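Q: got a predicted structure here, sequence first:
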Amino acid sequence: MSTLEIKDLHASVSTDDGPKPILRGVDLTVKAGETHAIMGPNGSGKSTLAYAIAGHPKYEITSGEVLLDGENVLEMSVDERARAGLFLAMQYPVEVPGVSMANFLRSAATAIRGEAPKLRTWVKEVKGAMSDLGISEEFADRSVNEGFSGGEKKRHEVLQLALLNPKIAILDETDSGLDVDALRVVSEGVNRFRSPENGVLLITHYTRILQHITPDFVHVFAGGRVVESGGPELADDLEKNGYERFVAQVAAS
C-alpha cells in the first residue's frame with residue numbers, strides 16, 4: 001500500500017529580492033485509500049506545497065523530507081517523481097502548442113508504464129475515459145489546452161489522472177473556474193479514480209467540491225503549515241466560521 005510522507009518540510013520561493021520562506025514545517029501523511037483535503041486562505045502556501053512535492057524549480061526545499069513508499073522524492077528529478085507514482089493536477093494548466101492531446105497522452109502513458117500501450121486497447125481506453133468526462137473525441141487532435149476553456153482544461157487534467165493512474169494524486173484547486181456542471185463532471189472523475197490502491201491530496205479554498213468528493217481527513221493550512229486536522233466536519237466549520245481564528249493563531253505564535 002502506497003504512502004506519501006511529508007516530514008517537517010520547509011521551502012522557499014525565488015523572488016527578485018531573494019528567497020522568501022513559504023513552507024514552515026509541514027507534516028502530513030497520505031496513504032492509499034485515503035482522501036485528504038487541504039483548505040486555507042490565499043497565500044497560506046497550499047499551492048507551494050503541491051509544487052514543491054512535484055519538483056518545480058522555482059521552489060527550494062530548505063529542510064525536511066518527502067518520502068513515497070520510503071523513497072526520498074526530493075532526490076528525484078521531476079520525471080522520476082512522475083514515474084514513481086506522483087501526479088499533479090495544476091491550478092492553471094499550461095498550453096502546449098503543436099502537441100496534440102492524443103500524442104501527449106500516449107507519450108505520458110508510455111513513460112509511466114515503461115512501454116507503449118498497444119494501440120487498439122489504448123484507443124478504446126482513451127475513448128472510454130473521454131466519454132466519462134464528456135470530452136468530445138475531436139479534442140484528441142487539438143493541441144494540449146490550446147484554446148480550451150477553464151472547464152475543458154480541468155477535464156483534461158482529470159483525463160490524465162484516469163489514464164496514468166498514479167499512486168498519489170495531488171489536485172491543486174481543481175475546482176477553481178468551474179461552473180456547476182463542470183464541477184460535477186470533474187468530481188465524478190476524481191471519485192472514479194479513488195480506490196484502495198490510490199491516495200488523493202485535494203487542495204481547495206472552498207467546500208463546494210467537498211460536497212461531491214467526501215474527504216477522509218481535512219487539514220487547515222495557514223502560515224505555511226498544517227495548523228488543524230479533523231474529519232469532514234472541519235470543512236463544515238470552515239464554511240461557517242472561515243479561517244480567521246487559524247490565521248490569528250499563526251500570527252500569535
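A: Cool, got the structure.
Q: C-alpha only now, for contacts and for neighbours.
A: Will do.
Q: was I right about residue 11 contacting residue 56?
A: No - taking contacts as Cα atoms under 8 Å, residue 11 lies outside contact range of residue 56: 11.4 Å.
Q: more neighbours: which of these two?
A: Using other Cα atoms under 10 Å, the more surrounded residue of residue 11 and residue 56 is residue 11, with 23 against 13.
Q: and the pLDDT at that one?
A: pLDDT, residue 11: 97.
Q: how much space separates it from residue 203?
A: 18 Å (Cα to Cα, to the nearest Å).
Q: what does residue 220 give?
A: Distance from residue 220 to residue 203, by Cα to Cα: 10 Å.
Q: overlap in contacts, those two.
A: Jointly contacting residue 220 and residue 203 under the rule Cα atoms under 8 Å, 6 or more residues apart in numbering are 38-39.
Q: how about the contacts made by residue 113?
A: Counted by Cα under 8 Å, 6+ apart, residue 113 has contacts residue 83.
Q: roughly how far does it sit from residue 144?
A: 21 Å.
Q: before we move on, what about residue 150?
A: Counting by Cα to Cα, the gap from residue 150 to residue 144 is 13 Å.
Q: who's more crowded, those two?
A: Set residue 150 next to residue 144 and count neighbours by other Cα under 10 Å: residue 144 wins out with 24 against 19.
Q: read off the pLDDT value for the more buried one.
A: So, for residue 144, pLDDT stands at 94.
Q: then residue 17?
A: 84.
Q: cool, and the one 10 residues further on?
A: Looking at residue 27, its pLDDT reads 98.
Q: in a helix, it, correct?
A: No - according to DSSP: H, G, I helix; E, B strand; the rest coil, residue 27 belongs to no helix; its state is strand.
Q: residues near the nearest residue to it once chain neighbours are set aside, how many?
A: Among residues not flanking residue 27 along the chain, residue 7 sits closest, at 4.8 Å (Cα to Cα, 6 or more residues apart in numbering). The number of residues packed near residue 7 is 16, by other Cα under 10 Å.
Q: does anything pack onto the host helix or strand of residue 7? Which helices or strands?
A: Following DSSP states H and E, one finds residue 7 within strand 3-15. Secondary-structure packing of strand 3-15 (3 or more Cα pairs under 8 Å, 6 or more residues apart in numbering; DSSP states H and E): strand 18-31, strand 59-68.
Q: tabulate those strands (a markdown table), appending distance to residue 192 and mean neighbour count.
A: Putting those into a markdown table (distance: least, Cα to Cα, whole Å; neighbours: other Cα atoms under 10 Å) gives the following:
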| stretch | distance to residue 192 | mean neighbour count |
| --- | --- | --- |
| strand 18-31 | 17 | 18 |
| strand 59-68 | 23 | 18 |
